[in-house]
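Undergrad: Below are the sequence and a predicted model; questions follow.
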Amino acid sequence: MIKKENKAFIRNVWKLVFRTLLLAVSIYLIITDVEKLDFTAVFHQGFGAGFLVVVWIMLAFEMLSRIIPNRRIEIGARKHFSCSYSAAQSSENGIMDMGDLRKRLNKGAVYSAFFWLLVSSAAVLLLRFLGLLTPATVFIFMLVYSVADLVCIMFFCPFQVFFLHNRCCTSCRIYNWDFFMMCAPMMLFPHVYSLSLVFLSVAALLQWEAAIFKNPHYFLEETNASLRCESCKDKSRLSCDVKKI
């Protein structure tokens with residue numbers, strides 16, 4: 001039986017199941033009717049565009065929930081809002097200047113961005129070399145990233161282990177980079193469908209980075225008590241947060 005405070009984990013389980021189903025449907029469609037995944041022709045598909053619309057609505061809704069202050073999402077994704085900040089009573093607060101805080105936050109973020117760019121570029125170049133770079137394959141690429149995003153949150157995150165060395169998602173420096181990482185490959189085929197998703201993801205990313213520049217103390221547990229273990233209500237990861245009663 002799962003405790004009530006593990007509801008964040010339960011939400012993520014359902015999100016993972018839903019995104020995995022979307023990925024499975026997209027793989028089926030690329031095998032049986034690849035034109036159904038051509039988002040550049042979405043306005044000419046009639047009822048056949050239903051699957052593409054469902055994916056667009058899902059992504060757009062989740063991105064808007066990151067941009068607009070929303071206490072229903074995990075604090076790791078909303079710590080850039082002032083309403084999620086609680087000043088920590090720590091002697092460190094008095095000696096840390098803004099530049100020092102930003103330097104600590106940015107350590108590892110550049111390497112994370114480079115790793116994502118390297119993996120994404122390699123995948124795109126491979127698809128192009130094989131003659132498989134199409135709107136359909138880029139769409140599936142995005143859904144693969146969407147599933148990988150939840151795997152990182154719930155089970156294992158290479159960014160955390162190899163580059164960021166943060167305690168958990170609550171204190172993750174790049175939490176709200178996820179949708180940009182998912183949607184950026186869609187820019188390879190400019191269309192109102194793809195560009196609208198990219199626009200929302202860029203808006204979420206810029207809002208996040210602007211907050212880090214202006215209020216870096218929101219993002220560290222030494223300066224924000226809301227991010228500390230004793231304040232945490234987002235029991236998202238299976239390995240350490242879901243316990244039986």
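TA: Everything's here; your move.
Undergrad: dump the residue contacts of residue 143.
TA: Applying Cβ atoms under 8 Å, 6 or more residues apart in numbering to residue 143 gives the contacts 19, 22, 23, 26, 55. C-beta here means a position set from N, CA and C on the backbone, and glycine is covered the same way.
Undergrad: Out of those residues, which comes closest to residue 6?
TA: residue 19 (19.8 Å; Cβ to Cβ).
Undergrad: For the helix or strand hosting that closest one, give the mean pLDDT please.
TA: Using DSSP states H and E, residue 19 falls within helix 7-32. Mean per-residue pLDDT for helix 7-32: 93.
Undergrad: tell me which residues of it are tucked away?
TA: When burial is assessed from 16 or more other Cβ atoms under 10 Å, helix 7-32 yields the following buried residues: 8-9, 12-13, 15-16, 19, 22-23, 25-26, 29-30.
Undergrad: And the furthest pair within those residues?
TA: 8 and 30 (32.7 Å).
Undergrad: picking that back up, which is the next helix or strand following the helix holding residue 19?
TA: Taking DSSP H and E, what comes next after helix 7-32 is helix 50-67.
Undergrad: Quick check: of the contacts of residue 143, which lies closest to residue 230?
TA: residue 19 (31.5 Å).
Undergrad: now stretch 206-220, how far from the chain's geometric center?
TA: 16 Å (Cα atoms, centre = their mean, to the nearest Å).
Undergrad: who's in contact with it?
TA: So stretch 206-220 is contacted by 67, 79-82, 84-85, 93, 96, 98, 101-102, 104-105, 171, 173, 175-177, 223-224, 227 (Cβ under 8 Å, 6+ apart).
Undergrad: Drop anything exposed from those.
TA: Here, 16+ other Cβ under 10 Å leaves 79-81, 84-85, 96, 101-102, 105, 171, 173, 175-177, 223-224, 227 buried among these.
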